[in-house]
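Peer 1: model this:
(4 chains)
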Number of protein chains: 4
Amino acid sequence: MKNTYRIVYNCPDQPGIVAAVATLLSSNNGWIFEASHHSDHEANWFFSRLVVKADSLPFDLEELRRQFAPIAERFKMKWQIIDGNSPRKVALLASKGSHCLSDLLDRWRSKDLDCEITCVICNHEDHRGLVEWYGIPYHYVPVDKNDKAAGFAKTEALIDQYKADTIVLARYMQILPPALCSKYRHQILNIHHSFLPSFVGARPYHQAWQRGVKLVGATCHYVTEELDQGPIIAQDTIHVSHTQTDRDLERLGKDVEKAVLARGLTAHLEDRVLVHGNRTVVFD
Amino acid sequence: MKNTYRIVYNCPDQPGIVAAVATLLSSNNGWIFEASHHSDHEANWFFSRLVVKADSLPFDLEELRRQFAPIAERFKMKWQIIDGNSPRKVALLASKGSHCLSDLLDRWRSKDLDCEITCVICNHEDHRGLVEWYGIPYHYVPVDKNDKAAGFAKTEALIDQYKADTIVLARYMQILPPALCSKYRHQILNIHHSFLPSFVGARPYHQAWQRGVKLVGATCHYVTEELDQGPIIAQDTIHVSHTQTDRDLERLGKDVEKAVLARGLTAHLEDRVLVHGNRTVVFD
Amino acid sequence: MKNTYRIVYNCPDQPGIVAAVATLLSSNNGWIFEASHHSDHEANWFFSRLVVKADSLPFDLEELRRQFAPIAERFKMKWQIIDGNSPRKVALLASKGSHCLSDLLDRWRSKDLDCEITCVICNHEDHRGLVEWYGIPYHYVPVDKNDKAAGFAKTEALIDQYKADTIVLARYMQILPPALCSKYRHQILNIHHSFLPSFVGARPYHQAWQRGVKLVGATCHYVTEELDQGPIIAQDTIHVSHTQTDRDLERLGKDVEKAVLARGLTAHLEDRVLVHGNRTVVFD
Amino acid sequence: MKNTYRIVYNCPDQPGIVAAVATLLSSNNGWIFEASHHSDHEANWFFSRLVVKADSLPFDLEELRRQFAPIAERFKMKWQIIDGNSPRKVALLASKGSHCLSDLLDRWRSKDLDCEITCVICNHEDHRGLVEWYGIPYHYVPVDKNDKAAGFAKTEALIDQYKADTIVLARYMQILPPALCSKYRHQILNIHHSFLPSFVGARPYHQAWQRGVKLVGATCHYVTEELDQGPIIAQDTIHVSHTQTDRDLERLGKDVEKAVLARGLTAHLEDRVLVHGNRTVVFD
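Peer 2: As a prediction, the model looks like this:
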């Protein structure tokens, strides 16, 4: 949101955290626009996200960070303060399937995604015209199965070149190398075409059809070194019946995939997703 | 929740509210177990609910209220502090249909509803044995259509006698008199067998069938003087198709009704529902 | 579906209908690929849709129609037999909002919509580049509020020129004149940005926000002379909470709109929607 | 449904099946009240369920079966014809948890379940008073962990004594011996407190919480010799968030469990569930 700062932090739980932060703000007449808190009592961990009106404060972002730092240190916080005027820089990675890519591009054009889409990187040429119509650079980076490292190196170079801080695997059908997953920890979002942890791995719709399930689903999660095991951000399911073939399940599943990916990405872009261990807090 | 205090308040929005409350607590070493905040920017109104561990404070509930009062006055709060050890006292009102009644009784017995069910008041004798098996007093209070006032007077007397603070219309098929609705403002919950504001009034499932809708729903709301117009607490819908008759819609609708009523009542019992105007804030 | 015929009919219910049709097919060794039947016992009306493998029959479509005609006459059927190799010809009408348009174009390109999109008619220039990238003719037809008839006449001429048999109002923000609605009876699909019959008319998301509903929905229906009153084909809802503004409801509602419109259109294109009075039968 | 016959069959798919069955009925002036067909093209298998008005036929059930038999033989059908006036005889098995038991009893009393509940068999005494209030015999059959066979033998004897044809595991926390599962093949329904195939085995809500899923679900399936692997009849899920503990997931999950079990059982009682291999066809 324009003209706001987002203060996002998490730390061991103890009395006094909210008071310290709120007092810093109120003593400077800061207006809290949104406030979300969560205590995980099993992990004894506290999570918080505040949105403050920038012009209610008598100083700038740097000064806010400077004054916040001692509180952060006192409570051993992992923290950041984000300028709401600086949208995140996103790189979209895609393959042949276009439903998630097309959906995200339209949301972005309609101003329903608060970010800059810096580039689309695709291991096929198929979507160049579409992407370029939106005014976004398109990079065809094939991943040769006999030399995957070359393709991933080029991908990584592009991400760096565009200074992307968020990478979205919009049905990108390649498994990223572990080093890349580590480098962009909690910055890479994937949409898995199944209700994880069911049907991990290949052809989940066929697996689902064979098992005769009455629902298919999709999962948006952060990518970690371990395939399909990263922290879950959003999930949904849709009812299916015996009348659907596995091809139909795939078609219906696409609707869930694009909706769930967009929901997860929206939360990420607004810094609503906080990760602790392998679990997420996603503030509404 | 046992051994907690729930601080619930709402007031005009302005800087400093959270800081004042949090500082009162932290300066007494109070442990905030749950915290929820919401700012309605259209109404410029602030809502908050805090759950504090009772034994983290060096004083009792009366002293907490005494110390909270000046803050409440300063910010013009509507407020209350509830003792988590004192469950709410509920009166259930029912008619012939048993699905909501039976559902709530089982949840209560299973300790999934944190309340005392003080009595069941019914305008039919049908459920006496069931209710008494649960150890709950059963009162048969017919409402004669030529003298409804008598029935409602008796109902009101029972509610007073049992000191009930929450009245649940568990498919009670009588329209309460306006005076009773006013007396128990935001304390009477109804389950409307439709997705309000659709199909207000009689025979909503038949109306829905005739309109050929593809979903039926239910709405839990507070009862106000104006029929079916009170603040909405919870809603849900279920898919239906041409294969269902209006009798089938009614049967399927019952499932939604009992689930939605239980969800709304659970939120109410935990003081998660804050009302401002005709809209609710329902904290997760 | 390729190489199939779809036999779709409805008529007063009586014994012998299925036997007559099935015997015609089986006596010619016809293979029924899909069969759906429905009896509306309140209206005493029978609905059926059969998909037959074309090459299982010893004759062509014209001969099938010729042999079917006496059965249709006997049972007073409204009927048609559609060649699965001849996809329907669709005209998309749109305004400034792109979410439904973009969604349908991607589904069509991905071969998830079995139709020919003959043209896009829009009362704004905004989407020309996008639509033309898909290789579809784009017609800018403004509707001047002081002379709406001229715009609608041009729209109708285009529909005729492209021989479109299906018209999709993909968030087209104009109300079609009654004569056009009559001419294309049960051929014009609209997506209404609300769960009909709630919030008929303008600004439904604002109405929904003001009423404080906990769900927003969308309805796909055939357009009739009476605004928002046509037969309902598909509906869905999504949960919302107090944290959402009316702008957020609109954004979330778009997801439901595009999913519901696509679902309704898919059913229409496969001749799964049968209308009787103001109600639909939608075969899975 | 009263005064109807249900003809249910499945067989290898080929032309002429529907015609043969429909002609038998129509030549006797039989009125088909409901008709459902499904072709599984991967298995090349045909499934059908017809509901015929009993008094439209000039003969009784035995004669209908006699005339149907040659058709069944010709098409190698697995088939049965059920008298709609003879509700199925159900045995409910339960443990300490009451939510499914209580829910089914209320549905039965409200005439929303078309069956006879012959008895409740429970490995705890807890629910005797409740069950007996409904006028249903209650049998306390403990399952001693050092001699499970004795408990199961007694259970089997009771099922036989009551001539139950349907056994419902309403959160019965014991694993039935394989021989019992085989004996009542496709007659034992279980509700699994998870969205199968996720979280097979013990403590699924804790598993779900640990994995940080954003949905919990439940699955109604037929019990087979292989634990949690039988044909799935119905499934559903519900959204959860970080605010819920595993105890909360369990509480929310119960709502899904009872709704899904009731849905699966209703379909079973109306002979809407046809099994082929490990997959079901569930006709609406």
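
Peer 1: show me which positions of stretch A:275-284 end up buried.
Peer 2: A:V275, A:H276, A:N278, A:R279, A:T280, A:V281, A:V282, A:F283 (16 or more other Cβ atoms under 10 Å in any protein chain shown). Yep, even glycine has a C-beta here, placed from its N, CA and C like the rest.

Peer 1: contacting residues around it?
Peer 2: A:10, A:36, A:38, A:40, A:43, A:45, A:47, A:49, A:186, A:222, A:229-234, A:267, A:272-274, B:284, C:241, C:243, D:210-212, D:214, D:241-242 (Cβ atoms under 8 Å, 6 or more residues apart in numbering or on different chains).

Peer 1: what mean pLDDT does that stretch have?
Peer 2: Mean pLDDT, stretch A:275-284: 96.

Peer 1: what's the span of it, first residue to last?
Peer 2: End-to-end distance for stretch A:275-284: 15 Å, by Cα to Cα, to the nearest Å.

Peer 1: how distant is it from the center of its chain?
Peer 2: Distance of stretch A:275-284 from the chain centroid (Cα atoms, centre = their mean, to the nearest Å) equals 12 Å.

Peer 1: same check on stretch A:13-26?
Peer 2: For stretch A:13-26, the distance to the chain centre is 28 Å (Cα atoms, centre = their mean).

Peer 1: quick one: that stretch near chain D?
Peer 2: No: using Cβ under 8 Å from any Cβ of the partner chain, stretch A:13-26 stays clear of chain D, coming no nearer than 14.1 Å.

Peer 1: check the secondary structure at the residue of the stretch 1-150 of chain A found nearest chain D for me.
Peer 2: Relative to chain D, the nearest point of the stretch 1-150 of chain A is A:H38 (5.9 Å; Cβ to the nearest Cβ). Using DSSP: H, G, I helix; E, B strand; the rest coil, the structure places A:H38 in strand.

Peer 1: list the residues that contact the nearest residue to it once chain neighbours are set aside.
Peer 2: The shortest distance from A:H38 to any non-neighbouring residue, by Cβ to Cβ, 6 or more residues apart in numbering or on different chains, is to A:F47 (4.5 Å). Going by Cβ under 8 Å, 6+ apart, A:F47 touches A:Y9, A:N10, A:H37, A:H38, A:S39, A:D40, A:L274, A:H276, A:V281, A:F283.

Peer 1: try 6 Å
Peer 2: A:N10, A:H38, A:L274, A:V281 (Cβ atoms under 6 Å, 6 or more residues apart in numbering or on different chains).

Peer 1: part of a strand, is it?
Peer 2: Yes: the assignment for A:F47 is a strand, going by three-state DSSP.

Peer 1: what's the separation between it and A:K76?
Peer 2: To A:K76, A:F47 is 14 Å away according to Cβ to Cβ, to the nearest Å.

Peer 1: tell me, how many residues neighbour A:I71?
Peer 2: Counted with other Cβ atoms under 10 Å in any protein chain shown, residues neighbouring A:I71 total 18.

Peer 1: so it makes contact with A:A22?
Peer 2: No: in this structure A:I71 lies outside contact range of A:A22 using Cβ atoms under 6 Å: 10.5 Å.

Peer 1: the biggest helix by length in chain A vs helix C:246-269, what angle?
Peer 2: For chain A, the helix with the greatest residue count under DSSP state H is helix A:246-269. Comparing the axes of helix A:246-269 and helix C:246-269 via axes from the mean of the first three to the mean of the last three Cα atoms, to 10 degrees yields an angle of 170 degrees.

Peer 1: may I see the buried residues of helix A:246-269?
Peer 2: A:246, A:249-269.

Peer 1: so which of those also contact chain C?
Peer 2: A:R251, A:D255, A:A259 (Cβ under 6 Å from any Cβ of the partner chain).

Peer 1: show me the domain layout of chain A.
Peer 2: A:4-83, A:88-282 (automatic domain parsing).

Peer 1: buried deepest among those domains, which one?
Peer 2: domain A:88-282 (a mean of 19; mean count of other Cβ atoms under 10 Å in any protein chain shown).

Peer 1: tell me where chain A has strands.
Peer 2: A:4-12, A:32-40, A:45-53, A:78-83, A:88-94, A:115-122, A:138-140, A:166-169, A:188-192, A:215-222, A:232-239, A:273-276, A:279-282 (DSSP state E).

Peer 1: who wins for proximity to D:K154 among the ones you listed?
Peer 2: Nearest of the strands of chain A to D:K154, taken as Cβ to Cβ: strand A:215-222 at 37.2 Å.

Peer 1: quick check, the closest one touching chain D?
Peer 2: Yes: with Cβ under 6 Å from any Cβ as the criterion, chain D is reached by strand A:215-222 at A:L215.

Peer 1: run through who's touching stretch A:34-46.
Peer 2: A:11, A:13, A:17, A:47-51, A:276, A:281, A:283, B:35, B:37, D:242.

Peer 1: return the mean pLDDT over that stretch, rounded to an integer.
Peer 2: Stretch A:34-46 comes out at a mean pLDDT of 95.

Peer 1: before we move on, what about stretch A:182-196?
Peer 2: 95.

Peer 1: now that stretch, how far from the chain's geometric center?
Peer 2: 8 Å.

Peer 1: what do you get for stretch A:170-185?
Peer 2: For stretch A:170-185, the distance to the chain centre is 13 Å (Cα atoms, centre = their mean).

Peer 1: so what would you say the end-to-end distance of that stretch is?
Peer 2: 17 Å.

Peer 1: close to chain C, is that stretch?
Peer 2: No: using Cβ under 6 Å from any Cβ, stretch A:170-185 never reaches chain C; the gap is at least 11.2 Å.

Peer 1: on that earlier part again, show me what the longest helix of chain A is packed against.
Peer 2: Helix A:246-269 makes packing contacts with helix A:99-109, strand A:188-192, helix A:204-211, strand A:215-222, strand A:232-239 when contacts are defined by 3 or more Cβ pairs under 6 Å, 6 or more residues apart in numbering or on different chains; DSSP states H and E.

Peer 1: nearest to chain C, out of the ones you listed?
Peer 2: So among the helices and strands packed on helix A:246-269, helix A:99-109 is nearest, using Cβ to the nearest Cβ, at 3.9 Å.

Peer 1: angle of the helix-or-strand element of chain A with minimal mean pLDDT against strand D:232-239?
Peer 2: Sorting the helices and strands of chain A by mean pLDDT, DSSP states H and E puts helix A:204-211 at the bottom, at a mean of 90. Going by the same axes, to 10 degrees, helix A:204-211 is angled at 130 degrees with respect to strand D:232-239.

Peer 1: what does helix A:204-211 rub up against?
Peer 2: Against helix A:204-211 from outside (Cβ under 6 Å, 6+ apart): A:H193, A:S194, A:F199, A:V216, A:D246, A:L249, A:E250, A:G253.

Peer 1: export the helices and strands packed on helix A:246-269 to a markdown table and append columns for distance to B:K163.
Peer 2: Formatted as a markdown table, the helices and strands packed on helix A:246-269 follow (distance: least, Cβ to Cβ, whole Å):
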| stretch | distance to B:K163 |
| --- | --- |
| helix A:99-109 | 53 |
| strand A:188-192 | 53 |
| helix A:204-211 | 54 |
| strand A:215-222 | 46 |
| strand A:232-239 | 44 |
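
Peer 1: thank you, goodbye.
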